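Enquirer: structure of the sequence below:
(one chain, ligands or ions: 1)
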Amino acid sequence: MTHPRAPKIGRLSAGSLLSALAALIWLPQAALLALSVQALADGGGFGAVVVLAGFVLGLGVLRAGAEAAGARLSYLRARQLLGEARGEALHCLATGSPLDPRRHPAGLAASVLAEQAETLLPYLSRFEPVRLRVALVPPLILAAVFSQSWVAALILLAAAPLIPVFMALVGWRAKAASEAQMVEMGGMNAFLLDRLRGLATIRGLGAIEATAERLAASARGLRQRTMAVLRIAFLSSAVLELFSALGVAMVAVYVGFHLLGQLGFGAWGGRLDLAQGLFVLMLAPAFFEPLRDLSAVWHDRAAGVAAADSLARLAAPGLEVPGALDRAGAASGPVPGVEIEHLHFSHEGAAKPVFTDFSLNIRPGEHVALTAPSGAGKSTLLSLIAGLAPVGAGCIAIGGTALTGASAASLRARIAWIGQRPHFFAGTVRGNIALGRPEIGLMDVLDAVALARLQGVAGPGAARDLGEGGGGLSGGEQLRLAIARAAATPDLGLVIADEPTAHLDRATAAEVTAGLLALAEGRTLILATHDPVLIAAMDRQIDLTGARS
Ligand SMILES: Nc1ncnc2c1ncn2[C@@H]1O[C@H](COP(=O)(O)OP(=O)(O)OP(=O)(O)O)[C@@H](O)[C@H]1O
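Expert: This next block holds a predicted model:
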């Protein structure tokens, strides 16, 4: 599987170049304006300046056009780069294995992808062009001022370096504050999602007050961090305004004394004349303008870089599900068995392997219970059979086909997984059973509902609405809905269930067991369980106690 290339942030773009060129057009405009004023002062009438004014106007139109085109190009490029960065992060999330301990919590990933990633847009569309303007425009304006007066150039040169020094100090704090804000926001989202999932438990334990207090504390923390970021943003622009105002004022005083005849040094030809003085005066604010723009977008940089880091962390390659994004071809054939030969597997970062040289043969149509004390590797083995992580060494074959990256998707198409806590989305029972699979029609859904004995719960036409996470259904009903979801899978051959009756009372466990047995009729069933009643209902019990080395 090839990964999409990481977006190249910081590359010179046509939009940035156009906006820098637009800013440089002020140089000839200022010269023409200064010459016009000089011509008027020398007694030339309207006729003397009309041609110059025409040029100024023409250059103004050109400048406006270049600015607009530059902004548009920068925005389009920023959208494209943001799309690529999001695509890469989504790709890693979509292919990441549930066994990867570094997998990001869903709330955090959603926050980074939906909210934080948006801050890349102003960073790329505004900050990047400004950065190029800062590199190009002030040096060229300085050279133009220097050509008229070395003292005026020196004043600008003295004021300018103070700005980046203070900005760097402020920006360093801004990045840290922005990162802290994003961590807080991600943490709050993860906390909220977690609590929403466990709402029934929270209510049952009477912990609503405590949860509300935690949430309020998180919100307070987020507010404080946001205010810190804003304070720093205001501070950075205040620093810049101060130094640029001082620089412009000093140039104005110097030029003013020249024109009053009080000063006679610092210009190459003795005194500055009116045109030269005006030219220098008009260039002084333009010298600081890119730096002021930089201050306005400085906060964009801090937030954008922090968001780019968060996206890069999401996109960091981890343990992948083999063939995660492959399209499964038409899957059919006889009921598959499972052959495992010389399996080796270690979890990432674990001191000891879970399996070393483990072999097992499950016949087609056999119903098997994997048993062992907690931590022996039952869930791990089920995950490996479902192809949710690549095996270290050895081979797992399903229906005679070795489970590899190339075959995993089509093999998984005939496998159904029933976990302890199946996930349901807000929507109808029918939608939750079909799960976006277009080949599953209403009749398939109703058959599946009947098999799981959910007719009393699913509503007419299985159209009953469920809340997010299966809200409105009991734990046992949720498991039977998961059984119905599995039953609707066309050509289902192998059912995998991880402790399906854990945490259920006897009566509910018996209903779930009955549903599972109905589902597994004529199919292979492998389940992990500690439940003696469920074990007794299987054809064979395989004790994994000795499997772990
Ligand atoms: N995602 C993971 N990352 C790292 N180690 C893991 C991961 N999942 C499980 N382990 C470790 O692998 C071993 C086997 O865990 P597994 O969950 O497969 O056991 P189990 O027999 O299913 O236990 P239980 O009956 O409690 O579910 C344990 O030592 C566990 O700590």
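
Enquirer: for the ligand, what are the nearby residues on the protein?
Expert: 99, 101, 347, 350, 354, 372, 374-380, 528 (Cβ under 6 Å from any ligand atom). For the C-beta atoms, the positions are set from N, CA and C on the backbone; glycine is no exception.

Enquirer: spit out the contact partners of the residue in the stretch 401-549 of the chain positioned nearest to the ligand.
Expert: Across the stretch 401-549 of the chain, no residue is closer to the ligand than residue 528, which sits at 5.7 Å (Cβ to the nearest ligand atom). Shown in contact with residue 528 (Cβ atoms under 8 Å, 6 or more residues apart in numbering): 369, 370, 371, 378, 379, 381, 382, 497, 498, 499.

Enquirer: check residue 469 too.
Expert: Contacts of residue 469 by Cβ under 8 Å, 6+ apart are 196, 197, 423, 424.

Enquirer: same check, this time on residue 462
Expert: Applying Cβ under 8 Å, 6+ apart, the residues contacting residue 462 are 428, 429, 430, 433, 442, 445, 446, 449.

Enquirer: what score does the residue of the stretch 401-549 of the chain closest to the ligand have for pLDDT?
Expert: The model reports residue 528 with a pLDDT of 96.

Enquirer: next one: residue 145
Expert: Note for residue 145: predicted pLDDT of 93.

Enquirer: surely it is in contact with residue 155?
Expert: No - using Cβ atoms under 8 Å, residue 145 is not in contact with residue 155; the gap is 9.0 Å.

Enquirer: just the element for the spatially most central residue of the chain, please.
Expert: Central residue of the chain (Cα atoms, centre = their mean): residue 113, 2.7 Å from the mean position. Assigned by DSSP states H and E, residue 113 belongs to helix 106-114.

Enquirer: how far out from the middle of the chain is that helix?
Expert: Its chain's C-alpha centre and that of helix 106-114 lie 6 Å apart, by Cα atoms, centre = their mean, to the nearest Å.

Enquirer: list the buried residues for stretch 49-60?
Expert: 49, 52, 55, 56, 59 (16 or more other Cβ atoms under 10 Å).

Enquirer: closest one of those to the ligand?
Expert: For the buried residues of stretch 49-60, the nearest to the ligand is residue 59 (64.5 Å; Cβ to the nearest ligand atom).

Enquirer: that closest one contacts residue 28, correct?
Expert: Yes - between residue 59 and residue 28 there is a contact under Cβ under 8 Å: 6.0 Å.

Enquirer: which elements pack onto the longest helix anywhere in the chain?
Expert: Longest helix in the chain by number of residues, with DSSP state H as the criterion: helix 208-259. For helix 208-259, the packing partners by 3 or more Cβ pairs under 8 Å, 6 or more residues apart in numbering; DSSP states H and E come out as helix 150-159, helix 162-197, helix 274-314.

Enquirer: and the shortest one with helix 208-259, angle?
Expert: Using axes from the mean of the first three to the mean of the last three Cα atoms, to 10 degrees, the interaxial angle of helix 150-159 with respect to helix 208-259 works out to 170 degrees.

Enquirer: check the second one too.
Expert: For helix 162-197 and helix 208-259, the angle between their directions (the same axes, to 10 degrees) works out to 160 degrees.

Enquirer: quick one: helix 162-197 to helix 274-314, angle?
Expert: 30 degrees.

Enquirer: sorry, back to before: so which of the residues of the chain next to the ligand sit within strands?
Expert: residue 528 (DSSP state E).

Enquirer: save the residues of the chain next to the ligand as JSON lines, and put in distance to residue 186 too.
Expert: Listed next are the residues of the chain next to the ligand as JSON lines, based on distance: Cβ to Cβ, whole Å:
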{"residue": "99", "distance to residue 186": "23"}
{"residue": "101", "distance to residue 186": "18"}
{"residue": "347", "distance to residue 186": "25"}
{"residue": "350", "distance to residue 186": "27"}
{"residue": "354", "distance to residue 186": "31"}
{"residue": "372", "distance to residue 186": "37"}
{"residue": "374", "distance to residue 186": "31"}
{"residue": "375", "distance to residue 186": "31"}
{"residue": "376", "distance to residue 186": "35"}
{"residue": "377", "distance to residue 186": "32"}
{"residue": "378", "distance to residue 186": "33"}
{"residue": "379", "distance to residue 186": "28"}
{"residue": "380", "distance to residue 186": "29"}
{"residue": "528", "distance to residue 186": "33"}
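
Enquirer: just the buried ones out of the residues of the chain next to the ligand, please.
Expert: Counted by 16+ other Cβ under 10 Å, the residues of the chain next to the ligand give 99, 347, 354, 372, 376, 377, 378, 379, 380, 528 as buried.

Enquirer: report the two of those separated the most.
Expert: For those, the maximum inter-member distance is 18.0 Å, found between 99 and 372 (Cβ to Cβ).

Enquirer: before we move on, the earlier item: for PyMOL, write a command that selects the buried ones of the contacts of residue 462.
Expert: What follows is the PyMOL syntax selecting those of the contacts of residue 462 that are buried according to 16+ other Cβ under 10 Å:
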select buried, resi 428+429+430+433+445+446+449
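
Enquirer: and the nearest residue to residue 439 once chain neighbours are set aside, which of the three is it?
Expert: Of all residues not flanking residue 439 in the chain, residue 490 sits nearest, at 5.9 Å (Cβ to Cβ, 6 or more residues apart in numbering). Judged by DSSP: H, G, I helix; E, B strand; the rest coil, the three-state class of residue 490 is coil.

Enquirer: could you do residue 542 as well?
Expert: strand.

Enquirer: the stretch 301-450 of the chain: strands as residue ranges?
Expert: 338-345, 355-362, 367-371, 393-398, 401-402, 415-418, 427-428 (DSSP state E, counting those that start in this stretch).

Enquirer: dump the ones you listed to a markdown table, plus mean pLDDT.
Expert: Shown next, in a markdown table, are those (pLDDT from 0 to 100):
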| stretch | mean pLDDT |
| --- | --- |
| strand 338-345 | 95 |
| strand 355-362 | 93 |
| strand 367-371 | 96 |
| strand 393-398 | 94 |
| strand 401-402 | 93 |
| strand 415-418 | 94 |
| strand 427-428 | 93 |
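
Enquirer: got the phi/psi numbers for the residue of the stretch 201-350 of the chain found nearest the ligand?
Expert: The minimum distance from the stretch 201-350 of the chain to the ligand, using Cβ to the nearest ligand atom, falls at residue 347 (3.2 Å). Phi and psi for residue 347, reported as degrees, to the nearest 10, are phi -70, psi 150.

Enquirer: could you chop the chain up by domain?
Expert: Following the assignment in automatic domain parsing, the chain carries domains at 14-314, 338-543.

Enquirer: now the shortest one, how far from the centre of its chain.
Expert: Spelled out, it's domain 338-543. 31 Å.

Enquirer: without its sequence neighbours, what residue ends up closest to residue 111?
Expert: Using Cβ to Cβ, 6+ apart and skipping the chain neighbours, the partner closest in space to residue 111 is residue 189 (4.1 Å).
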